[in-house]
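# Return a 3D structure for these sequence lines:
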Amino acid sequence: MFLLLNTFWFIRTSKYVLFWVYLWQLKEYHVGRFLDHFNTHKGKKLIFDPLLFVKIILAALFILRSELFTLLFSILFLVYFAESLAFIASIALKKTKKPVRTAKTVLLTLLLFALLVLIAFWVSNPLYILLFDILTPLIVSLVVLSFQPLAVLVRNNTLNKAAGKIKNIKSAGNLKVIAIVGSYGKTSTKEFLSTILSKKYKVLKTKEHQNSEIGISRCILDELNKEHQVFIAEVGAYNKGKVKEVCNILKPEIGVVTGVNEQHLALFGSLDNLLFAEGGRELAKTLAKDGVLVLNGDNKYCLDLYKKTDLQKKVYSTTGKKVSSDIWTEKISMHEKFISFLTIDKDKSAVHFRVNVLGGQNIQNILAATLVAKELNMSLEEIAEACKNIKQEQAGMTLKKGKHGINIIDSSYSSNPDGVYADIDYLNVFLQKKVIVMPCLIELGLKSKEVHEKIGRKIAEICDSAIITSRDRFKDIKNGFLGEGGDAKNILLCDNPQDIYSIITLFCKKGDSVLLEGRVPSRLLEMLIN
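Residues are numbered from 1 along each chain as shown. Now for the predicted structure:
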């Protein structure tokens, strides 16, 4: 019976080892991001799991009431048997959360599984395996963190190699490096700029989710060569000093700050720290004296940086009224499948742009890319022509025809406050009913309540109904929604894809529109489209 108990324990504990390694990887092995997860509803459920409390009581009884050993053993046996069956069922249904395979996750998982095997075959006291069960999150975390010194050595070696390689390529050729930072719009700006510049130059850009120091360094080492004329790096950060570290490797000639908001404020600890990294201060300090800093004139934090730096600066804006804009727009027109606008520069050149992306927020990103391309000697006419090659997917939002003729707007790549407001604004191009499905935003720190109430007001202003898929700030969104005149029956809390699908298909008919904003369940998109 001991062997059978340990077998069931091994099966169910395998699930949780995979989950905790997955969570550490999801949070990019960043302690702050990992700990912030426990401020969310899902994170709190992990801590306040009723079954966890049952196991703690069982462990205490094993220690204090040895005469109940047989009864306690039987209860534990049944618990592990049930958990094992549940894990096997989740594997069959492909619902198991497991880390993406990398050298690091494979090594961590093998080490942890070796430990599980050792315990399963050598430990015969149910108390010890129960204690391992209760402490699994801590044990996995300690193993992950114990690898950090080795990971730091490997990381620093990779960074040094990348810095050396890019320095050698620059000295041997005519490589221009462009670094893009900001709280939002980085990926779209990178994608647009790459498409535009590729008309004239041989361009390399960092790939999706390759915006950390190690990701950018790996891109340099694996792909950058002497034939490249432009390297575009999207630079992400969760700590003060990270952008500086990356830019010391890149030595960029051009820096772009796409805009700053409260996203990741909880991780930075203060707005000042955030402004150093995502706000562009570190980027400005690492640019060459003859470098160019490109700033979003529609963002107050970018305007503040504009006033405080002595570098050569270029400003883009949608109105041309902020400071002295180098490029701006007029005659903006938004449609279901494209945007069009007149782009005007300081020389009074004016060219009409039509770009097949969704939402007016992309105008800022296109202007940023346009201003950089002009710095690299492309004319407005050339840029407008190159923009015809931009695809919806590059903007992170796509329009698809769903079941029953419902318009499905997929903006599930990622989410931040400004992105949510802009995506909701895009719904104005549709004339029939509008529904938004979204989770609450994370990592907003002390600004979270304010931001979510504002989102609720925005939803009430434009949408007919809202389905919120996470509980964390649902109350704040609902308060904003009701405060703007929304009806309580039209804002729902639901995280089950099947139930959300049923609500949508009952509420919507042909021609109505559903916006999937942020990390909604992938199963829901499959159900709505297929």
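
# worst-scoring helix or strand of this protein, pLDDT-wise?
One helix or strand of the chain scores below all others by mean pLDDT, DSSP states H and E: helix 265-268, with a mean of 72.

# same question for the next helix or strand after it, mean pLDDT?
Next in sequence after helix 265-268, counting helices and strands by DSSP states H and E, comes helix 271-277. Averaged across helix 271-277, pLDDT comes to 82.

# May I see the buried residues of helix 271-277?
271, 273-277 (16 or more other CB atoms under 10 Å). No exception for glycine: its C-beta is placed from N, CA and C like everyone else's.

# got any ranges where this protein has weak pLDDT?
264, 266, 320-322, 530 (pLDDT under 70).

# Map the structural domains onto the sequence of it.
Following automatic domain parsing, one gets these domains for the chain: 2-146, 170-391, 397-529.

# Ends of the last one, what's the gap?
Start and end residues of domain 397-529 are separated by 15 Å (CA to CA, to the nearest Å).

# Nearest to residue 506 among the buried residues of helix 271-277?
Proximity of those to residue 506 (CB to CB) peaks at residue 274, which lies at 42.2 Å.

# Tell me how many other residues surround residue 106.
12 (other CB atoms under 10 Å).

# which element is it on?
Using DSSP H and E, residue 106 falls in helix 103-122.

# okay, the domains of the chain in CSV with distance to residue 152 next?
Formatted as CSV, the domains of the chain follow (distance: least, CB to CB, whole Å):
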stretch, distance to residue 152
domain 2-146, 11
domain 170-391, 11
domain 397-529, 24
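
# For stretch 258-271, what is the distance to the chain centroid?
Centroid separation for stretch 258-271 versus its chain: 13 Å, with CA atoms, centre = their mean, to the nearest Å.

# Any buried residues in that stretch, and which?
So stretch 258-271, judged by 16+ other CB under 10 Å, has buried residues 258-268, 271.

# Also stretch 394-413?
Neighbour counts over stretch 394-413 (16+ other CB under 10 Å) mark 394-399, 402, 406-413 as buried.

# Could you do stretch 437-448 as well?
Buried-residue list, stretch 437-448, by 16+ other CB under 10 Å: 437-445, 447-448.

# cool, stretch 448-467 as well?
Neighbour count says stretch 448-467 has 448, 451-460, 462-467 buried, by 16+ other CB under 10 Å.

# Check stretch 518-530 too.
Per 16+ other CB under 10 Å, stretch 518-530 contains these buried residues: 518, 520-521, 524-525, 527-528.

# What of stretch 285-293?
Quick answer for stretch 285-293 (16+ other CB under 10 Å): 286-287, 291-293.

# and which of the residues you listed is nearest residue 39?
residue 286 (32.5 Å).

# Quick check: the closest one touching residue 245?
No: using CB atoms under 8 Å, residue 286 is not in contact with residue 245; the gap is 9.4 Å.

# hmm, back to that, Serialize the buried residues of stretch 285-293 to CSV and add fields for secondary structure and distance to residue 311.
As requested, these are exported to CSV (DSSP: H, G, I helix; E, B strand; the rest coil; distance: CB to CB, whole Å):
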residue, secondary structure, distance to residue 311
286, helix, 11
287, coil, 6
291, coil, 6
292, strand, 7
293, strand, 5
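
# now, the most widely separated pair of those?
286 and 292 (13.2 Å).

# list the residues that contact both of the two?
Listed as contacting both residue 286 and residue 292 by CB atoms under 8 Å, 6 or more residues apart in numbering are residue 255.

# circling back: residues contacting the helix holding residue 106, please?
Residues contacting helix 103-122 (CB under 8 Å, 6+ apart): 6-7, 9-10, 13-14, 17-18, 21, 25, 99, 128-129, 132, 140, 143-144, 147, 151.

# which parts of that helix are buried?
Quick answer for helix 103-122 (16+ other CB under 10 Å): 104-105, 108-109, 112, 115-116, 119-120.

# mind listing the helices in the stretch 401-530 of the chain by residue range?
417-426, 448-462, 474-483, 497-507, 522-529 (DSSP state H, counting those that start in this stretch).

# One more: the stretch 201-350 of the chain?
213-223, 242-250, 265-268, 271-277, 281-286, 300-308.

# would you turn the ones you listed into TSV with distance to residue 425?
Formatted as TSV, those follow (distance: least, CB to CB, whole Å):
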stretch	distance to residue 425
helix 213-223	32
helix 242-250	29
helix 265-268	23
helix 271-277	25
helix 281-286	28
helix 300-308	19
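
# CA atoms of the host helix or strand of residue 384 as CSV?
Using DSSP H and E, residue 384 sits in helix 380-386. What follows is helix 380-386, C-alpha atoms only, in CSV (Å, rounded to 0.1, in the frame of the first residue of the first chain):
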residue,chain,number,x,y,z
LEU,A,380,7.2,60.2,-47.3
GLU,A,381,6.1,58.8,-50.7
GLU,A,382,8.4,55.8,-50.3
ILE,A,383,7.2,55.2,-46.7
ALA,A,384,3.5,55.5,-47.7
GLU,A,385,4.1,52.9,-50.5
ALA,A,386,5.9,50.6,-48.1
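
# Show me which residues of that helix are buried.
Under 16+ other CB under 10 Å, the buried positions of helix 380-386 are 380, 382-384, 386.

# residues touching the residue lying closest to residue 182 once chain neighbours are set aside, list them.
Spatial nearest neighbour of residue 182, excluding adjacent residues (CB to CB, 6 or more residues apart in numbering): residue 258 at 3.4 Å. If you count contacts by CB under 8 Å, 6+ apart, residue 258 has them with 180-186, 189, 296, 364-365, 368.

# please redo it, this time with the cut-off set to 10 Å
Taking CB atoms under 10 Å, 6 or more residues apart in numbering, we find residue 258 in contact with 180-190, 234, 278, 280, 294-296, 299, 302, 364-365, 368, 418.

# so residue 253 touches residue 291, yeah?
Yes: when contacts are counted by CB atoms under 10 Å, residue 253 is listed as touching residue 291 (5.3 Å).

# Now do the shared contacts for those two.
177, 179.

# Let's check: the centremost residue of this protein is which one?
residue 414 (4.6 Å; CA atoms, centre = their mean).

# Tell me how far it lies from residue 136.
29 Å (CB to CB, to the nearest Å).

# next one: stretch 229-244 to chain centre, how far?
Chain-centre distance of stretch 229-244: 15 Å, with CA atoms, centre = their mean.
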